[in-house]
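[1] The sequence and its predicted three-dimensional model are supplied below.
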Amino acid sequence: MSVGLAVAVVVTNEQAVDINPNLIDARLYLAATYVCLDRLDDAKWEAQEILSLKPDFTLAQWALGDPVKEPRSSERLLDDLRSAGLF
């Protein structure tokens with residue numbers, strides 16, 4: 001992901017979370033994008049927010065409905081979310 005695209009993803013999802021802090025998907029994409037931008041503290045904070053909103057959250061369950069259908073992109077997203085502290 002290019003830096004420009006990553007910044008756009010962050011801005012869009014931060015706006016979504018500002019409007020509705022309970023949006024798990026927006027927080028997931030923020031966490032993954034923060035990992036891409038080497039903002040690990042921010043990524044881990046988002047992961048903790050996700051777990052506080054949904055304590056039973058698992059990547060395996062979420063991946064069943066993952067909208068990213070291209071296998072390499074999906075696996076990269078899951079790897080980034082693992083780096084943020086989600087499992």
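    The structure has been received and is ready for your questions.
[2] Could you check the pLDDT of the one residue sitting closest to the centre of the chain?
    Taking CA atoms, centre = their mean, the centroid of the chain lies closest to residue 28, which sits 2.3 Å from it. For residue 28, the model assigns a pLDDT of 97.
[3] Tell me which stretches of this protein form helices.
    3-19, 24-36, 40-53, 59-64, 71-83 (DSSP state H).
[4] model confidence over the last one, on average?
    Looking back up the chat, that one is helix 71-83. 93.
[5] If we go by neighbour counts, what in it is buried?
    Residues of helix 71-83 classed as buried: 76, 77, 78, 80, 81, 83 (neighbour count, 16 or more other CB atoms under 10 Å). From N, CA and C alone the C-beta is placed, and that goes for glycine too.
[6] now the first one
    By neighbour count on 16+ other CB under 10 Å, the buried set for helix 3-19 is 6, 9, 10, 13, 16, 17.
[7] Likewise for stretch 38-53?
    Of all the residues in stretch 38-53, those buried under the rule 16+ other CB under 10 Å are 39, 42, 43, 44, 45, 46, 47, 49, 50.
[8] What separation do you get for the second one and residue 32?
    Okay, so that is residue 42. According to CB to CB, to the nearest Å, residue 42 and residue 32 sit 11 Å apart.
[9] likewise the third one?
    Separation of residue 43 from residue 32 (CB to CB): 7 Å.
[10] got any residues that touch both of those two?
    Residues within reach of residue 43 and of residue 32 at once, by CB atoms under 8 Å, 6 or more residues apart in numbering, are 80, 84.
[11] Next, the contact list for the residue nearest to the centre of the chain, please.
    Residues near residue 28 by CB under 8 Å, 6+ apart: 46, 50, 62, 81, 86.
[12] how close does residue 48 get to residue 64?
    23 Å.
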